[in-house]
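> kindly generate the corresponding structure for this input.
(one chain, ligands or ions: 1)
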Amino acid sequence: MLFLVGSIAGLGLPWLAATLLGTLFEEQSQSATLVVFLLAAALIVLTALTVIGGRASSDLSFEIQRDVRKDIYDHVQRLPVAYHDHSRQGDLLALMTWEASQLATFLSLTLTAVPSSLVTVAGALAILFYLHPLAAIFLPLLIPGYYLILKIMGRRLRNLAQQVQEEEARVFTAAEQDLEMAHSIKAAAVEELRLSLFDAQLLRSRAVNVREGRILATIGPFIGLLTSLAFVLIIVIVGQDLSRQGLSASELLSVLLYVALLTRPVGLLADLFGRLQGARGTLQRMQEVLKEPVEVGYASNGKIDRCRGAIEFVGVSFAYPGKPEILQNVSFKIEPGETVGVIGKNGAGKSTIAKLLLRFYEPLVGQILIDGVPTRELQIQELRKRIGYVSQQPYLYNASILENITFGAECTDQKRLEEALRQSRACDLQSQLPAGLETIVGDRGVRISGGQCQRIALARALLRNPPIVILDEATSMFDPEGEEDFVRESSMAFANRTVIIISHRPSSLTSADRVFQAVSGRILEVQPIAG
Ligand SMILES: Nc1ncnc2c1ncn2[C@@H]1O[C@H](COP(=O)(O)OP(=O)(O)OP(=O)(O)O)[C@@H](O)[C@H]1O
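Have a look, this model is predicted:
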């Protein structure tokens with residue numbers, strides 16, 4: 001709105017400037033003073049409106065950026081695990097960060113500058129038509145010229161803009177992965193190799209950026225050239241009237257200033273056209289992500305009010321996409337409060353059982369029941385809140401141990417926290433680390449040991465007090481003494497829960513009432529391990 005008011009006010013400036021010149025020519029000093037005063041006032045108002053409008057446009061850009069980032073983040077969070085297995089994190093990161101910010105700048109510019117530019121163009125043309133109809137009629141003839149330039153350059157620009165964004169996303173991916181792999185890169189002493197690979201990606205990105213930059217650098221001057229040529233032609237047409245005494249000097253100046261006023265929106269048009277190509281690619285990629293279906297279970301409203309923890313697999317078969325079946329017609333039942341161990345070779349499908357229970361993936365055939373209710377009928381977060389899952393790799397935030405433990409817990413009652421710390425043996429960390437639970441763990445827990453990471457992950461799961469606990473190699477990095485303590489403490493921790501312990505170590509399974517073995521797609525019950 002402010003930009004529109006500014007544009008309308010701006011339309012008065014050429015007229016005031018030309019009037020000033022006219023009064024000076026005619027040596028009417030009193031009128032000149034008034035016009036100077038009006039001109040100065042108009043310039044001050046215009047500057048104020050431009051500043052306010054510019055700030056509003058910048059605010060709008062950041063508002064759009066926030067909305068876009070939030071929408072993508074929210075949607076990506078709700079996408080199934082299978083989507084994340086196949087997507088590139090770098091692409092999503094690029095989309096949520098710099099691509100979203102480019103798009104926001106383009107949209108805010110379009111929303112604020114385009115309407116005001118249209119007002120300037122329409123107003124200047126109308127005034128020009130009044131002042132000099134021939135010059136005004138001549139100007140719209142430039143439009144096909146602009147169209148031709150944009151059409152010729154636009155086609156090449158569109159492909160390039162897409163390639164630029166793809167290559168930039170690859171730069172993100174490469175940087176992100178190498179940062180994550182920093183320790184392994186150093187251990188393998190392959191810094192130079194990784195640098196050369198990263199540089200190769202930078203070169204690919206530079207090549208497309210340079211090509212795009214060259215086209216963008218050409219469009220503006222070509223459009224400017226066309227406008228300048230038209231300007232020259234208008235000077236010739238209008239100048240003839242001047243020599244024929246049909247036009248005063250101030251009228252001539254007026255006409256030229258209005259023509260000059262028209263060049264600003266044209267420059268903006270060229271700039272927006274360049275940004276539009278990138279914005280189209282970003283919008284297309286956003287659409288691709290946003291139209292990915294979210295996990296079905298979000299929409300269900302099935303609940304288990306008091307979960308007892310009975311688990312049943314009924315004829316479950318499952319295969320990861322493009323792979324042979326890892327589970328074939330698997331059926332078993334675990335009673336509430338039971339502790340069950342699961343053993344089996346690497347890749348036998350043990351973790352897959354846990355992931356199916358959590359509905360990270362859906363069985364191809366058969367169904368999984370909790371307390372007799374098919375998990376597919378339950379609201380997915382309701383289901384997951386009932387299961388404390390400690391995975392093989394503990395995922396930790398770069399925050400304090402305490403923040404990592406209380407992450408996601410609805411209630412952080414001190415007594416329960418102490419209980420979870422004791423049961424997981426995370427209480428040992430208080431004496432092992434000088435800063436105790438306030439110790440910052442670093443990215444993915446690099447600043448503490450593997451066993452300490454596992455204790456934190458265990459404490460996190462137990463603090464939520466879930467009726468079902470799945471420990472997937474959750475104590476594999478514990479020292480024998482720590483594991484012994486854990487098994488002893490766990491008898492209390494597991495007392496009223498259903499527990500599945502996936503492990504290769506017999507010492508972890510001594511508390512199990514029953515033991516299952518995953519073998520050749522089947523789950524067989526074997527002899528429990530004596531304590
Ligand atoms: N997300 C996935 N996409 C495709 N295949 C997968 C995926 N996760 C696991 N697999 C494959 O499924 C099989 C079973 O994997 P799973 O993790 O269940 O084995 P596991 O018995 O837990 O093995 P380990 O003892 O090594 O932890 C393996 O062959 C594995 O390569």
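> ok, Ala42 - how many residues close by?
17 (other CB atoms under 10 Å). Every C-beta, even on glycine, is put in place using the N, C-alpha and C of the backbone.
> check which helix or strand it maps to.
For Ala42, the element it lies in under DSSP states H and E is helix 29-78.
> tell me the first helix or strand C-terminal of that helix.
helix 81-86.
> who are the contact partners of the residue nearest to Leu125 when sequence neighbours are not counted?
Closest residue to Leu125 apart from its sequence neighbours, by CB to CB, 6 or more residues apart in numbering: Ala136 at 5.7 Å. Contact analysis of Ala136 by CB atoms under 8 Å, 6 or more residues apart in numbering lists Leu125, Leu128, Phe129.
> cool, Tyr147 as well?
No contacts exist for Tyr147 under CB under 8 Å, 6+ apart.
> swap in 10 Å and give it another go.
Taking CB atoms under 10 Å, 6 or more residues apart in numbering, we find Tyr147 in contact with Gly154.
> the single nearest residue of the stretch 101-250 of the chain relative to the ligand is in what secondary structure piece?
Nearest residue of the stretch 101-250 of the chain to the ligand: Gln177, at 17.7 Å (CB to the nearest ligand atom). According to DSSP H and E, Gln177 maps onto helix 142-180.
> quick one: mean pLDDT over that helix.
For helix 142-180, mean pLDDT rounds to 84.
> show me the shaky parts of this protein.
1-7, 9, 20-22, 24-32, 241-247, 410-411, 530-531 (pLDDT under 70).
> touching, Val171 and Ala94? I think so.
Yes - if you go by CB atoms under 10 Å, Val171 and Ala94 touch, sitting 8.2 Å apart.
> higher neighbour count, the two?
With neighbours defined as other CB under 10 Å, Val171 and Ala94 compare such that Ala94 has more, 23 against 17.
> so what's the residue count around the residue in the stretch 1-150 of the chain that the ligand sits nearest to?
Closest contact between the stretch 1-150 of the chain and the ligand, by CB to the nearest ligand atom, is at Asp85 (4.4 Å). By other CB under 10 Å, the residues close to Asp85 number 11.
> quick one, what contacts it?
Contacts of Asp85 (CB under 10 Å, 6+ apart): Tyr320, Pro321, Phe360, Tyr361.
> now render those residues as a markdown table, adding secondary structure and distance to Phe332.
Listed next are the contacts of Asp85 as a markdown table, based on DSSP: H, G, I helix; E, B strand; the rest coil; distance: CB to CB, whole Å:
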| residue | secondary structure | distance to Phe332 |
| --- | --- | --- |
| Tyr320 | coil | 21 |
| Pro321 | coil | 25 |
| Phe360 | coil | 19 |
| Tyr361 | coil | 18 |
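> of those, which fall within the contact range of the ligand?
Tyr320 (CB under 6 Å from any ligand atom).
> got the phi/psi numbers for Val330?
Backbone dihedrals for Val330, given as degrees, to the nearest 10, come out at phi -90, psi 130.
> look up which residues are beta-bridged to it.
Beta-bridge pairing of Val330 under DSSP bridges involves Val316.
> who touches it in this structure?
Going by CB under 10 Å, 6+ apart, the list of residues near Val330 reads 313-318, 349, 352-353, 356, 363, 365-366, 368, 516, 518, 521-523.
> elements contacting the longest helix along the chain?
Longest helix in the chain, counting residues (DSSP state H): helix 191-243. Here helix 191-243 touches helix 133-138, helix 142-180, helix 182-187, helix 249-290, going by 3 or more CB pairs under 10 Å, 6 or more residues apart in numbering; DSSP states H and E.
> follow-up on the earlier one: and the residue of the stretch 1-150 of the chain closest to the ligand, how far is that from Lys323?
Computed as CB to CB, to the nearest Å, the Asp85 to Lys323 distance reads 12 Å.
> just the helices and strands packed on helix 191-243: most buried one?
helix 249-290 (a mean of 18; mean count of other CB atoms under 10 Å).
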